[in-house]
Structure formats: C-alpha cells, structure tokens
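Engineer: coords below, sequence missing:
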C-alpha cells in the first residue's frame, strides 16, 4: 500500500524506514515537507490505521535507512527490496523459491548523489554496437543519457508495429554483455512498469537475446490499474525499483567495476510527483505548492527530485573505487494518435506563436524562411506545440516541457522518432534531436566517443543537418541543384552504413569499416543502383564488405576492438581493403 504521512522533522526523510502501530514497515519514497510519502511492502497487510484521507494515524519514522543486500548475482530477478521473485507466463510477479542469500553488508536504497570530490573525468566509451548511437550520440562510461520515444505498440501476433526504444535498449544490452563477458562489467535492467504484458515481453526478449543469465532484472510487483490508489502504489514502487538498481550498480562501481543501468522507464516518477502535489493541495490548499507544479512545469523542487536519480551516474575517482555507473533513462512520450482529430491542413500564422518561448519563435522563423507550411503535421515533426491546442495536444505540450526539463539535467539524449521508423530508418534515431554533451568543446579532456570513430564521424552530424535542411527546402521547391543531389547521396551513404536490423550488433572495427566506406564515397554506386538502407541489395553489400575486410585485415580489426584506437596506418589499410572489395 501507499500512504502520505504527516511528520514534523528536520532534513530529508527519503529512504527512511516507517513502522505502523500494527508493525507493518514501509519506505519513504518522497518527502515534501511536512508530508512523507511511504511505500509499504506489498507482502504486508494492514487495513486499520488509515482514515478516509489516507493519512496514517499512528506511525514512527526511524533514523534507519531501508537497505538491501548489494551482492545480487547476474541472472537474478528481484524486487525493490532485492528479494528474489519470479515472472510467470502471464507476467505476474510472485516470490521465488530461491533463498535470498544472507549477507553481512547492506546498502541503503536511497543515497545522496556522488559528491564532486568523488567523481573523475568521463574518458572511456561504452561501445554499444549500434553504429548510429556510437557515431552520433556516443555514451561514455559514467554518463547519464535520456532515451526518448513513444509507447511500444505490439500487435496480436506479438510483432511490433514500429521500431521502439525498448527493443533497441535490449539490443544495446546484448552488445555490452557480449563485449564485456571477460571484464568486470555488470548490467542492471529496472523495469518499472506494472503492466504484466510488458514484464513477460521483457523476459522473453532477454531470453531470445541469450543474455538473461548475464543481467540483474529489478521489476515492479504491481498490477496495472486505473484506480487512483493503485496508480499511486505503481508510481511509488517504480521510484523504489529505479533506486535499487542504482544502489546495486553503485556498489559494483565503488568496488572498481563498471556498471550499466537501464531504467525503463521514468514516466511514473513524474506521476508520483503529480500525486504528491495533489495531496499537498488537498490538505493545505493551493498556496502549499508553487505555481510551476500546479501547471505541470518544472519547479526547482521537482528538479531536485529528479536529480536524485539522474545524477547517480558517475565515473568514480580511483580513491573511491575507480569504477563507473552508466545510466540510461527511458522516457515515453504520450501517444498522439488522438491528435489525428486535429485538422492537419490548418495553416497557422507566425504571429500566433509570439507568446511562446524564444527557442520556439526562432524555429518558427526558420520554417517561415524556408517556406515550410506551419501546419500541425510539420510542427509535430520538430516538437513545436500548436498555438490552439486540443486537450490531447495540450497534454503532449506539458509532457514535452517536462522532457525539456529532464534534458537540461542530463548529459545527453537519444531520440527515437516514429516517422523515421515508418520511413524505414533502423534504428530510427533522429540526429537533429539526439546529442551527447560529454566532451563538447575543444578544450575539454572528457570524451564519450571511441577514438577510432573520431576521424570518420567528426562531421557526420553537420552533414546530416545540412541534408535535412536541403530536403526541407526541396519539398517546397520545384528544382534541385547538383550540390543538393551530392549532399543527399552522402546522407544516404551514411544511412546505409548505420542501418542495422533489431538484434544485430557490430564490433567497433566493423563500425569503422562502414563509416569509412560511406565517407569516402564507396557506397555511392550501390545507392545509385537502388541499394539504399533497408534494401536487400544494400544489406548484402554491407555484410559482404564487413566480412571481406575482416578476413583481409584481421589483426588490424582485432587491435581496433581491443584498444578502441585506429592509427593512420590502420585507416589506410582498411580503406585499401574497401577499395579491393568494390
């Protein structure tokens, strides 16, 4: 169960143990003075200590932090208390027959974020095996990264209607596991969703990828429901599940290992914040919260609440263990199918956007200059809210505003786009909205990308943006120039180089081969003959090229994968092999 507890105390109570007069114990998951919001263990029962407001009548809050056993073996499926559980065929969670190993060491579920004095520089890449990510939005060990996309859609037959972020995170996880089996790397997947279908699908994907025994899975034991009290419990447990995953990973990192944590997803964190806001207003009135929280915007208090999770990622100094905790946080955009009721043919005037922020007005001016119609379809493509929104559009606008707040706290974001997926882009990563902020600037010693990729992907983002701008212009123009055609060809070459089917991973050396071939024009003829990304012909040539270069330059390829470096001599040798193939 979940309850709000009125309690006068100094300091932050998050993570403290709560005991009811009946003996039931709980965990403080949020504290907004003077109320502590408590998640009670779902295995305990108590129904006599709550009045009709949901406020606990008798309880005590201990100075003791709720802690868990941090030594959980890979392959385990656990709940937020690190107790072993099982997921049955229907996706329901039950206690496991496996005994929870006794331990003399425990770690609190909620801890302060690492201090600046404990953190070192991020300078080692987490090679994901997904070329689009490694080249356009590289992830460094110790970095946090938002992964943004829409809700996964599954047909009756179980096939995906579109490519989705969860599927690609399993792909990334598989690659990381396979590349680090002999290294001190641990992977943790926190599935916060109370949906039984999501749980069973997740478990099936781990099994199909062959990595279930390599990953610690932390899952919610809740059952999805629309009831208000159920939503509160779902949100509270989701927050606890994410915190436990980070605690287990940090324990490994502070012992010198590297850890990857995927939080899938963090939407229920926002739900819990909104629930606590409504509870405060109900008890103390509108003046008890700031205006930003009432409108769904991001207050400084809410930023602190999310930072407690987002900033748990870290590359620790040697004196603090020397390991790393890399954190990928999935954020699910609201489904916009209902927005289909809006008139996509309605053309808005630029003056209707005058009351919006400067960033949006600047983007509107760019569209007007390029003669792009300001209709609903075009505006949604670049995430600009409509000036006269429907209720669903207004909901989407508020959520996008929340995503912008999260982006401002993060080290970068990967944005998966439905329209790109429908056009055959695989993975459907949007380069214009995806970026890593680690290593930005010529004078910083921090780097998230692999050194071997820097020489072949340095101008990739710029070329993509130029090609996108050119296509936008040509959609509203009757003529194209030879320069436009050349730019489109180069973009298509890079798309072919980065195209990967779900479940397919690459070695770093293979990524280098594909990007060198694209940057040097070796894919141009194939593309002109119809071998674009996603075609059988294009796939066959890329596969054949990687196999050919692997055989001809095996020692060089192995050295790149081992050292993550590529010398000028290595580059020349690989390019010569590419020329021999074509």
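Structural biologist: Sure thing, it's come through. Given the structure is predicted, the values throughout are model-derived calculations rather than measurements.
Engineer: From residue 273, how far off is the residue lying closest to residue 39 once chain neighbours are set aside?
Structural biologist: Spatial nearest neighbour of residue 39, excluding adjacent residues (Cβ to Cβ, 6 or more residues apart in numbering): residue 236 at 4.0 Å. Every residue, glycine included, has its C-beta placed from N, CA and C. Here the criterion is Cβ to Cβ, to the nearest Å. By it, residue 236 lies 11 Å from residue 273.
Engineer: got it, and residue 11?
Structural biologist: Applying Cβ to Cβ to residue 11 and residue 273 gives a distance of 20 Å.
Engineer: do residue 448 as well
Structural biologist: Using Cβ to Cβ, residue 448 is found at 29 Å from residue 273.
Engineer: Below-threshold pLDDT in the chain: ranges please.
Structural biologist: 1-10, 42-59, 98-102, 153-163, 224-229, 291-298, 335-345, 388-397, 440-444, 467-483 (pLDDT under 70).
Engineer: Now do the longest helix along it: distance to the chain's middle.
Structural biologist: Longest helix in the chain, counting residues (DSSP state H): helix 228-253. How far helix 228-253 lies from its chain's middle: 16 Å, per Cα atoms, centre = their mean, to the nearest Å.
Engineer: between residue 11 and residue 273, which one's more packed in?
Structural biologist: Between residue 11 and residue 273, counted using other Cβ atoms under 10 Å, residue 273 has the larger neighbour count: 22 against 9.
Engineer: Looks to me like the more buried one is in a helix.
Structural biologist: Yes - assigned with DSSP: H, G, I helix; E, B strand; the rest coil, residue 273 falls within a helix.
Engineer: Neighbours of residue 307, how many?
Structural biologist: Using other Cβ under 10 Å: residue 307 sits among 12 other residues.
Engineer: Could you give the separation of the host helix or strand of it from the chain centroid?
Structural biologist: Using DSSP states H and E, residue 307 sits within helix 300-310. How far helix 300-310 lies from its chain's middle: 17 Å, per Cα atoms, centre = their mean.
Engineer: helix or strand right after that helix?
Structural biologist: strand 314-315.
Engineer: Report the next helix or strand after that next one in sequence order.
Structural biologist: With elements assigned by DSSP H and E, the helix or strand that comes after strand 314-315 is strand 324-333.
Engineer: strand partners of that next one, parallel vs antiparallel please.
Structural biologist: strand 144-150 (parallel), strand 258-264 (parallel), strand 314-315 (antiparallel) (DSSP bridges).
Engineer: Which positions within the second one qualify as buried?
Structural biologist: Neighbour-count burial for strand 258-264, with 16 or more other Cβ atoms under 10 Å as criterion, is recorded at 258-264.
Engineer: from the residues you listed, which is closest to residue 150?
Structural biologist: Using Cβ to Cβ, residue 264 is the member of those that lies nearest residue 150, at 13.9 Å.
Engineer: Can you name the residues that contact that closest one?
Structural biologist: 166, 169, 189-193, 202, 330 (Cβ atoms under 8 Å, 6 or more residues apart in numbering).
Engineer: mind running it again at 10 Å?
Structural biologist: Residues in contact with residue 264 (Cβ atoms under 10 Å, 6 or more residues apart in numbering) are 147, 165-166, 169-170, 189-193, 198, 202, 241-242, 245, 328-330, 332.
Engineer: Residue 205 should be in a helix, yeah?
Structural biologist: Yes - judged by three-state DSSP, residue 205 forms part of a helix.
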